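Trainee: the following comprises the amino acid sequence and a computationally predicted model.
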Amino acid sequence: MTVTPQLAQLVAACHWIGQQGWAPATGGNMSIRAEEGLCLLSESGKDKGSLTAADFIEVEIASGLAPSGRKPSAETGLHTLIYRLFPEAGAVLHTHSVNSTVLSRIETGSALLLQGYEMQKSLSGQRSHLDSVAIALFDNDQNISALAARIEAWAQTRPLRYGFLLRGHGLTCWGRDVQEARRHLEGLEFLFNCEMQRRLLER
Ligand SMILES: CSC[C@@H](O)[C@@H](O)C(=O)COP(=O)(O)O
Ligand SMILES: [Zn+2]
(Lines give C-alpha, C1' and ligand atoms only; values in the text may rest on other atoms or scores of the structure.)
(Ligands and ions follow the chains in the order given, each with its own letter.)
Protein backbone atom coordinates (compact mmCIF):
# COMPACT_ATOMS: atom_id res chain seq x y z
CA MET A 1 0.00 0.00 0.00
CA THR A 2 1.21 3.51 -0.80
CA VAL A 3 1.95 5.49 2.35
CA THR A 4 0.46 8.89 1.53
CA PRO A 5 1.27 11.94 3.67
CA GLN A 6 -2.20 11.64 5.31
CA LEU A 7 -1.60 7.97 6.18
CA ALA A 8 1.81 8.84 7.65
CA GLN A 9 0.14 11.59 9.71
CA LEU A 10 -2.58 9.16 10.83
CA VAL A 11 0.01 6.62 12.03
CA ALA A 12 1.80 9.41 13.94
CA ALA A 13 -1.54 10.52 15.46
CA CYS A 14 -2.21 6.95 16.63
CA HIS A 15 1.17 6.82 18.37
CA TRP A 16 0.45 10.17 20.05
CA ILE A 17 -3.01 8.94 21.13
CA GLY A 18 -1.39 5.87 22.66
CA GLN A 19 1.11 8.05 24.54
CA GLN A 20 -1.75 10.13 25.96
CA GLY A 21 -3.31 6.95 27.36
CA TRP A 22 -6.43 7.43 25.25
CA ALA A 23 -6.34 3.99 23.58
CA PRO A 24 -5.78 1.49 26.41
CA ALA A 25 -5.89 -2.26 25.86
CA THR A 26 -6.69 -2.16 22.09
CA GLY A 27 -9.45 0.45 22.60
CA GLY A 28 -9.99 3.11 19.93
CA ASN A 29 -9.96 3.10 16.15
CA MET A 30 -8.81 5.58 13.51
CA SER A 31 -9.32 6.21 9.81
CA ILE A 32 -8.80 8.55 6.87
CA ARG A 33 -10.82 9.02 3.72
CA ALA A 34 -9.07 7.58 0.67
CA GLU A 35 -9.79 7.74 -3.07
CA GLU A 36 -12.68 6.16 -4.97
CA GLY A 37 -15.21 5.86 -2.16
CA LEU A 38 -12.80 4.11 0.19
CA CYS A 39 -11.48 4.85 3.65
CA LEU A 40 -8.46 3.35 5.42
CA LEU A 41 -9.45 1.95 8.81
CA SER A 42 -7.44 0.44 11.64
CA GLU A 43 -7.52 -3.34 11.90
CA SER A 44 -9.72 -4.69 14.70
CA GLY A 45 -8.10 -5.77 17.96
CA LYS A 46 -4.68 -4.14 17.50
CA ASP A 47 -2.88 -1.93 20.01
CA LYS A 48 -3.68 1.43 18.42
CA GLY A 49 -0.68 3.10 20.03
CA SER A 50 1.76 1.02 17.98
CA LEU A 51 0.07 0.75 14.59
CA THR A 52 2.02 0.91 11.34
CA ALA A 53 0.70 1.83 7.87
CA ALA A 54 0.24 -1.89 7.16
CA ASP A 55 -2.38 -2.08 9.94
CA PHE A 56 -4.83 0.05 7.94
CA ILE A 57 -7.40 -1.70 5.76
CA GLU A 58 -9.29 -0.38 2.75
CA VAL A 59 -13.03 -0.24 3.45
CA GLU A 60 -15.81 0.80 1.06
CA ILE A 61 -17.62 3.78 2.59
CA ALA A 62 -20.96 2.87 0.99
CA SER A 63 -21.05 -0.78 2.06
CA GLY A 64 -18.63 -0.96 5.01
CA LEU A 65 -17.01 -3.98 3.36
CA ALA A 66 -13.27 -4.61 3.17
CA PRO A 67 -12.39 -6.02 -0.31
CA SER A 68 -9.23 -7.64 1.15
CA GLY A 69 -11.25 -9.85 3.52
CA ARG A 70 -9.23 -8.55 6.49
CA LYS A 71 -11.16 -7.46 9.60
CA PRO A 72 -11.44 -3.69 10.06
CA SER A 73 -12.58 -2.10 13.32
CA ALA A 74 -15.70 -3.39 15.05
CA GLU A 75 -16.86 0.25 14.83
CA THR A 76 -16.43 0.53 11.06
CA GLY A 77 -20.11 1.52 10.77
CA LEU A 78 -19.50 4.72 12.76
CA HIS A 79 -16.55 5.77 10.58
CA THR A 80 -18.40 5.11 7.34
CA LEU A 81 -21.45 6.97 8.72
CA ILE A 82 -19.33 10.08 9.35
CA TYR A 83 -17.81 9.93 5.84
CA ARG A 84 -21.31 9.56 4.38
CA LEU A 85 -22.87 12.35 6.46
CA PHE A 86 -20.04 14.84 6.08
CA PRO A 87 -18.39 14.97 2.64
CA GLU A 88 -15.77 17.36 4.04
CA ALA A 89 -14.64 14.91 6.75
CA GLY A 90 -11.22 13.46 5.91
CA ALA A 91 -10.19 11.77 9.16
CA VAL A 92 -11.97 10.14 12.12
CA LEU A 93 -10.40 9.42 15.53
CA HIS A 94 -12.14 7.32 18.20
CA THR A 95 -10.62 7.18 21.71
CA HIS A 96 -11.31 5.76 25.16
CA SER A 97 -10.00 8.34 27.62
CA VAL A 98 -10.96 8.19 31.29
CA ASN A 99 -12.50 11.68 31.09
CA SER A 100 -14.71 10.95 28.07
CA THR A 101 -15.73 7.59 29.57
CA VAL A 102 -16.69 9.02 32.98
CA LEU A 103 -18.14 12.39 31.90
CA SER A 104 -20.39 10.68 29.37
CA ARG A 105 -21.88 8.69 32.27
CA ILE A 106 -22.18 11.62 34.70
CA GLU A 107 -24.00 13.68 32.05
CA THR A 108 -27.46 12.17 31.74
CA GLY A 109 -28.70 14.44 28.92
CA SER A 110 -28.37 14.04 25.17
CA ALA A 111 -25.43 16.45 24.88
CA LEU A 112 -22.47 17.68 26.88
CA LEU A 113 -22.52 21.49 26.90
CA LEU A 114 -19.18 23.28 26.89
CA GLN A 115 -19.34 26.98 27.74
CA GLY A 116 -17.04 29.60 29.19
CA TYR A 117 -13.75 28.04 28.02
CA GLU A 118 -11.22 29.85 25.84
CA MET A 119 -10.16 26.43 24.50
CA GLN A 120 -13.54 26.09 22.76
CA LYS A 121 -11.71 28.03 20.03
CA SER A 122 -9.62 24.90 19.32
CA LEU A 123 -12.77 23.72 17.50
CA SER A 124 -12.99 25.05 13.93
CA GLY A 125 -15.42 27.94 13.58
CA GLN A 126 -15.65 28.72 17.31
CA ARG A 127 -14.86 32.36 18.03
CA SER A 128 -15.71 33.01 21.69
CA HIS A 129 -15.79 31.39 25.11
CA LEU A 130 -19.22 33.03 25.51
CA ASP A 131 -20.75 30.66 22.95
CA SER A 132 -21.99 27.22 23.87
CA VAL A 133 -20.72 24.07 22.13
CA ALA A 134 -22.95 21.00 22.38
CA ILE A 135 -21.22 17.65 21.96
CA ALA A 136 -23.91 15.06 21.20
CA LEU A 137 -24.08 12.13 23.60
CA PHE A 138 -25.56 8.75 22.67
CA ASP A 139 -26.21 5.68 24.77
CA ASN A 140 -23.68 3.00 23.92
CA ASP A 141 -24.76 -0.09 21.96
CA GLN A 142 -22.94 -3.29 20.96
CA ASN A 143 -25.09 -3.29 17.82
CA ILE A 144 -23.12 -0.79 15.71
CA SER A 145 -25.70 -0.70 12.89
CA ALA A 146 -28.42 0.26 15.37
CA LEU A 147 -26.14 2.84 16.98
CA ALA A 148 -25.22 4.31 13.59
CA ALA A 149 -28.92 4.51 12.67
CA ARG A 150 -29.66 6.43 15.90
CA ILE A 151 -26.81 8.85 15.25
CA GLU A 152 -27.91 9.33 11.64
CA ALA A 153 -31.49 10.07 12.75
CA TRP A 154 -30.22 12.62 15.27
CA ALA A 155 -28.08 14.34 12.63
CA GLN A 156 -31.11 14.82 10.41
CA THR A 157 -32.67 17.32 12.81
CA ARG A 158 -29.82 18.63 14.97
CA PRO A 159 -26.29 19.81 14.34
CA LEU A 160 -23.61 17.17 14.80
CA ARG A 161 -20.26 18.96 14.88
CA TYR A 162 -16.70 17.99 15.81
CA GLY A 163 -17.58 14.66 17.41
CA PHE A 164 -19.92 12.71 19.63
CA LEU A 165 -19.65 10.87 22.93
CA LEU A 166 -20.82 7.31 23.50
CA ARG A 167 -21.98 6.84 27.08
CA GLY A 168 -19.44 4.96 29.18
CA HIS A 169 -17.41 4.29 26.03
CA GLY A 170 -15.53 7.28 24.61
CA LEU A 171 -15.26 10.00 21.99
CA THR A 172 -15.43 9.83 18.20
CA CYS A 173 -14.32 13.04 16.49
CA TRP A 174 -13.36 14.12 13.01
CA GLY A 175 -11.88 16.88 10.89
CA ARG A 176 -11.15 17.87 7.31
CA ASP A 177 -7.81 16.08 7.61
CA VAL A 178 -5.69 14.34 10.27
CA GLN A 179 -4.31 17.64 11.53
CA GLU A 180 -7.77 19.08 12.16
CA ALA A 181 -9.16 15.85 13.65
CA ARG A 182 -6.16 15.74 15.99
CA ARG A 183 -6.72 19.36 17.07
CA HIS A 184 -10.39 18.64 17.73
CA LEU A 185 -9.45 15.56 19.75
CA GLU A 186 -6.86 17.40 21.83
CA GLY A 187 -9.16 20.41 22.32
CA LEU A 188 -12.15 18.29 23.33
CA GLU A 189 -10.09 16.16 25.70
CA PHE A 190 -8.74 19.32 27.34
CA LEU A 191 -12.31 20.65 27.68
CA PHE A 192 -13.55 17.32 29.10
CA ASN A 193 -10.76 17.41 31.66
CA CYS A 194 -11.72 20.97 32.68
CA GLU A 195 -15.41 20.07 32.82
CA MET A 196 -14.71 16.99 34.92
CA GLN A 197 -12.67 19.00 37.43
CA ARG A 198 -15.21 21.86 37.50
CA ARG A 199 -18.01 19.41 38.29
CA LEU A 200 -15.95 17.78 41.03
CA LEU A 201 -14.96 21.09 42.66
CA GLU A 202 -18.31 22.84 42.35
CA ARG A 203 -20.33 20.08 43.97
C1 LIG B 1 -11.08 -2.88 24.33
S2 LIG B 1 -12.42 -3.44 23.40
C3 LIG B 1 -13.10 -1.99 22.71
C4 LIG B 1 -13.84 -2.25 21.43
O5 LIG B 1 -15.05 -2.91 21.71
C6 LIG B 1 -14.13 -0.97 20.71
O7 LIG B 1 -14.90 -0.08 21.48
C8 LIG B 1 -12.91 -0.26 20.24
O9 LIG B 1 -12.76 0.93 20.38
C10 LIG B 1 -11.84 -1.01 19.54
O11 LIG B 1 -12.36 -1.96 18.65
P12 LIG B 1 -11.57 -2.35 17.32
O13 LIG B 1 -12.39 -3.46 16.71
O14 LIG B 1 -10.20 -2.78 17.72
O15 LIG B 1 -11.53 -1.09 16.48
ZN1 LIG C 1 -14.50 2.02 21.19
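Mentor: Arrived safely, thanks for sending. Ligands and ions are numbered 1, 2, ... in the order given.

Trainee: what about Ala89, which SS state?
Mentor: Using DSSP: H, G, I helix; E, B strand; the rest coil, the structure places Ala89 in coil.

Trainee: list phi and psi for the residue lying closest to it once chain neighbours are set aside.
Mentor: Nearest residue to Ala89, sequence neighbours excluded (CB to CB, 6 or more residues apart in numbering): Trp174, at 4.6 Å. All C-beta spots, glycine's among them, are computed from the backbone N, C-alpha and C. Backbone torsions for Trp174, taken as degrees, to the nearest 10, come to phi -150, psi 170.

Trainee: neighbours around Trp174, how many?
Mentor: The local packing of Trp174 (other CB atoms under 10 Å) involves 28 other residues.

Trainee: check contacts around it.
Mentor: Contacts for Trp174 (CB atoms under 8 Å, 6 or more residues apart in numbering) come out as Ile82, Phe86, Ala89, Gly90, Ala91, Val92, Leu93, Tyr162, Gly163, Ala181, His184.

Trainee: of those residues, which belong to helices?
Mentor: The helices in this structure, assigned by DSSP state H, contain Ile82, Ala181, His184 from the contacts of Trp174.

Trainee: now flag whichever of the residues you listed is closest to ligand 1.
Mentor: Ile82 (14.4 Å; CB to the nearest ligand atom).

Trainee: buried residues in the helix or strand containing Gly187, which are they?
Mentor: Per DSSP states H and E: Gly187 is located in helix 178-201. By neighbour count on 16 or more other CB atoms under 10 Å, the buried set for helix 178-201 is 178, 180-182, 184-189, 191-193, 195-196.

Trainee: give me the contact list for that helix.
Mentor: Residues from elsewhere that reach helix 178-201 (CB under 8 Å, 6+ apart): 6, 9-10, 13, 16-17, 20, 22, 32, 90-93, 95, 97, 99-100, 102-103, 106, 112, 114, 117, 119-120, 122-124, 135, 162-163, 171, 173-175.

Trainee: which of those residues fall within helices?
Mentor: Reading helices off the contacts of helix 178-201 with DSSP H, I get Gln6, Gln9, Leu10, Ala13, Trp16, Ile17, Gln20, Asn99, Ser100, Val102, Leu103, Ile106.

Trainee: skip the chain neighbours and tell me the closest residue to Ser97.
Mentor: Distances taken as CB to CB, 6+ apart place Trp22 nearest to Ser97, at 4.4 Å, with adjacent residues excluded.

Trainee: is the one you found in contact with His96, as I believe?
Mentor: Yes. Taking CB atoms under 8 Å as the definition, Trp22 is a contact partner of His96 at 6.5 Å.

Trainee: identify the contacts common to those two.
Mentor: Shared contacts of Trp22 and His96 (CB under 8 Å, 6+ apart): Gly28.

Trainee: between those two, point out the one with more neighbours.
Mentor: Trp22 (25 against 21).

Trainee: pLDDT wise, what is that one at?
Mentor: Note on Trp22: pLDDT of 98.

Trainee: ok, now which ones touch the most centrally placed residue in the chain?
Mentor: The chain has Thr172 as the residue nearest its centroid, 2.1 Å off, counting by CA atoms, centre = their mean. Shown in contact with Thr172 (CB under 8 Å, 6+ apart): Glu75, Leu78, Ile82, Val92, Leu93, His94, Gly163, Phe164, Leu166.
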